[in-house]
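Visitor: Below: sequence and its predicted model.
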Amino acid sequence: MFERFLNLSRFQKRLVSVAADCLALFFALYAAFSLRLDQQLWVPSQEHIVISGLTVFFTIGVFIRLGLYRAVVRYLSDRAFITIISGVFISSVTLILLGYWLEVLVPRSVPIIYGALAFIFVSGTRMTVRMLVHRPKHRNKQFVAIVGAGETGLQLANALDQGTEYHPSAFITLRKANHRALINGIPVYDISHIERAVKEHRIKRLLLALDADSGIDRKRLLKKLEPLAIPVQTVPAMSELVAGQARINDIRDLELEELLGRDPVQPDNAQVAASLFDKAVLVTGAGGSIGSELCRQIIRHRPSRLVLFEQSEFSLYAIERELQALNRMEGLGVEIHPLLGSVTHRRRCEAAMRSFDIETVYHAAAYKHVPLVEQNIIEGVQNNVFGTFHVAEAAIACGVKRFVLISTDKAVRPTNVMGASKRMAELVLQGLAQRQTGTIFSMVRFGNVLGSSGSVVPLFRDQIRDGGPVTVTHPDIIRYFMTIPEASQLVLQAGSMGQGGEVFVLDMGEPVKIADLARKMVHLMGLMEKTDERPDGDIEIVFSGLRPGEKLFEELLIGDNPQGTAHPRIMMAREVFMPWEEVEQTLNRLMKASHDFDCQEVVETLKKAPTGFAPNGGVEDLVWLNGNGERVNQAKNADKVRRLPLA
């Protein structure tokens, strides 16, 4: 019967609502007179019937005028109740006026009793229908608790109540004063009682909905939620909601910075803006993880033009399309120029910089995956060392004012070719900074970037969703971490602070143990770790052993006496450097070894340079291992490539 009513047309439902309201109003009038006159069976006179009919007729007209019948009952809001109150008030006044004009006895208390009963009956019928509509849906929904009883939490509860997936069963508050309160009929529990709330309400998921100004220590909060072993997710930030980029009920996994558990470094936006506004900027590797985020942040500082230099066609297409959309939506008025090219082609780099009068270069193009560079030594050195050298020389030739290299913590006492090649790239720029003064060279060194291609967090998340196991190389391996936006902000900050040849590093706080990070992700996704003590667990963590060139601990400084800067969380490293003549000799040896495809000589040259390179294994280059010495010698003899001068 009820389902049949729900399937009626909109017009038919409105007729039913009008009929129900007529009955409710007539009954309210009858009950009001009966209560006032203290008669169990009050028989209305003809005058009372007339005045009641006119009152109901006029009231229905007022409800229609106020739009009450346009409101969909299942989505009834506070505004509908205000409409009912207004209509009932007008109806009570109408009853008084009709009684006066028609000279019908209407005791003074009757309109008050009638108004109260009419509101109860008219709103009650709608609330009953709404409850009946939603009750079956609630049975099929997953019970969730909302962590945060502020404005964001209330908005989320209302949104989920209208949806079909989740039913908000409890609020978890971080203020003890709110414990045992009710918000929209939903009980509120203090965080210390969360286990009881989870059991009593059969909570299957926790949703973080913290207000932006709540000042909550998320690291401590997650530590309290982790032992519950139920999924913890979050809702979009208020900035995304305001910008229309997301909805309040867009439930997502925890943000990477929340898993990181540390406060991000805040840049000096005024200084960064002054160094970028109305400037011509080029970003190499613009389609990569760091390069693309650099572009997103640079464009908001309104440079005159932004040149995207990238060798991957698809990556260049993707970031150019995204930036053009951002440029239009925010009315930034920045010229965006996508250029295909390799940093190893000096003439292409120089032509790009000269054509667009480039003033600042951010050099993010590099091969950064440790095992892959270890297996492709020549390409790694060509891209990381000579690519940096060629772009830097092009910048000098074109009169570029600032050049910023994105380096890595793996450049400190490296045990792999990737780290050694990045340290060699730093030495090249330090040498060029001594050789000339027209271009200011600076370097930014930071740890692992969460969310980048090859980052462990997306890998762990995929492995957990696939049922495991989660692979960690070593139980004691630790890494420094930062988010992509944070790393990009630091690069921009350093670019504005550099005076020539500096290596900037970030005070990144405490390093993170990778095995602990994996366990935290398992627990916060609602699962248990499978161990010998707990064989019935869900996800096993397997240790696969250190990969070639990998070390347990990463460092950010070579020396022990870093120098402070104007920014409280940014330091300047005091590193050993090479005179330009020695840098040039080293580059010539590397170039010859690369042309001869002598991977062993490349490794030895990097070891002899002051890079601190101490490989923890032999040469792992795949072609070198499979080519044997005889084939490599044949390649040397057959090499007819003309050696080009470095400068």
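Guide: Happy to help now that I have it.

Visitor: Which pLDDT value goes with residue 581?
Guide: As predicted, residue 581 sits at a pLDDT of 92.

Visitor: Residue 81 now?
Guide: 73.

Visitor: Which residue comes closest to it once chain neighbours are left out?
Guide: residue 123 (6.1 Å; CB to CB, 6 or more residues apart in numbering). To be clear about C-beta, it is placed using only N, CA and C from the backbone, and glycine gets the same treatment.

Visitor: Quick check: which element contains that neighbour?
Guide: According to DSSP states H and E, residue 123 maps onto helix 109-140.

Visitor: Output the contacting helices and strands for that helix.
Guide: For helix 109-140, the packing partners by 3 or more CB pairs under 8 Å, 6 or more residues apart in numbering; DSSP states H and E come out as helix 10-37, helix 78-101.

Visitor: about what we covered before: pull the number of nearby residues for the residue nearest to residue 81.
Guide: 18 (other CB atoms under 10 Å).

Visitor: again with residue 532
Guide: Using other CB under 10 Å, the number of residues around residue 532 comes to 5.

Visitor: ok but it is inside a strand, no?
Guide: No. Applying DSSP: H, G, I helix; E, B strand; the rest coil, one finds residue 532 to be coil, outside a strand.

Visitor: what about it, distance to residue 540?
Guide: 10 Å (CB to CB, to the nearest Å).

Visitor: Could you do residue 301 as well?
Guide: Using CB to CB, residue 301 is found at 47 Å from residue 540.

Visitor: Would you mind telling me which of the two has the busier surroundings?
Guide: Legend: neighbour count by other CB under 10 Å for residue 301 and residue 540, higher for residue 301 (20 against 15).

Visitor: Could you pull up the contacting residues of the more buried one?
Guide: Going by CB atoms under 8 Å, 6 or more residues apart in numbering, residue 301 touches 272-273, 276-277, 492.

Visitor: Let me know the secondary structure of it.
Guide: Classification of residue 301 by three-state DSSP places it in coil.

Visitor: Against residue 468, how distant is it?
Guide: In this view, residue 301 and residue 468 are 44 Å apart by CB to CB.

Visitor: ok so, going back, quick one, which of the helices and strands packed on helix 109-140 is nearest to residue 409?
Guide: When the helices and strands packed on helix 109-140 are compared by CB to CB, helix 78-101 sits nearest residue 409, at 54.2 Å.

Visitor: what packs against that closest one?
Guide: Against helix 78-101 (3+ CB pairs under 8 Å, 6+ apart) you get helix 46-66, helix 109-140.

Visitor: try it again with 10 Å
Guide: helix 10-37, helix 46-66, helix 109-140 (3 or more CB pairs under 10 Å, 6 or more residues apart in numbering; DSSP states H and E).

Visitor: okay if I get these as TSV plus mean pLDDT and distance to residue 235?
Guide: Output for the helices and strands packed on helix 78-101, formatted as TSV (pLDDT from 0 to 100; distance: least, CB to CB, whole Å):
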stretch	mean pLDDT	distance to residue 235
helix 10-37	79	33
helix 46-66	82	34
helix 109-140	74	20
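
Visitor: and those helices as TSV, adding distance to residue 174?
Guide: Converted to TSV, these look like this (distance: least, CB to CB, whole Å):
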stretch	distance to residue 174
helix 10-37	43
helix 46-66	41
helix 109-140	27
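
Visitor: right, so of the ones you listed, which gets closest to residue 547?
Guide: Nearest to residue 547 among those is helix 109-140; the distance by CB to CB comes to 47.0 Å.

Visitor: quick one: buried residues of the closest one?
Guide: Neighbour-count burial for helix 109-140, with 16 or more other CB atoms under 10 Å as criterion, is recorded at 110-111, 113-115, 117-119, 121-123, 125-126, 129-130, 133.

Visitor: picking up where we left off before, going through the contacts of residue 301, which ones are buried?
Guide: 272, 276, 492.

Visitor: who touches the last one in this structure?
Guide: For residue 492, the contacting residues are 267-269, 271-273, 275-276, 294, 297-298, 301, 360, 362, 404, 444, taking CB atoms under 10 Å, 6 or more residues apart in numbering as the criterion.

Visitor: element containing it?
Guide: Applying DSSP H and E, one finds residue 492 within helix 484-497.

Visitor: Quick check: next helix or strand after that helix?
Guide: By DSSP H and E, the next helix or strand past helix 484-497 is strand 502-506.

Visitor: what's that following strand packed up against?
Guide: Using 3+ CB pairs under 10 Å, 6+ apart: strand 502-506 touches helix 417-435, strand 440-445, helix 484-497, strand 570-573.

Visitor: right, so of those, which gets closest to residue 63?
Guide: Of all the helices and strands packed on strand 502-506, helix 484-497 sits nearest to residue 63, with 52.5 Å by CB to CB.

Visitor: By mean pLDDT, point me to the weakest helix or strand of this protein.
Guide: helix 238-242 (a mean of 52; mean pLDDT, DSSP states H and E).

Visitor: how does this protein divide up, domain by domain?
Guide: Annotated domains of the chain cover 2-136, 141-254, 269-449+481-508+555-608 [automatic domain parsing].

Visitor: which residues does residue 479 form a beta bridge with?
Guide: In this structure, residue 479 bridges to residue 512 when assessed by DSSP bridges.

Visitor: Was I right to think it contacts residue 512?
Guide: Yes. If you go by CB atoms under 10 Å, residue 479 and residue 512 touch, sitting 6.0 Å apart.

Visitor: So for the two, which sits in the more crowded spot?
Guide: More crowded of residue 479 and residue 512, by other CB under 10 Å: residue 512, with 23 against 17.
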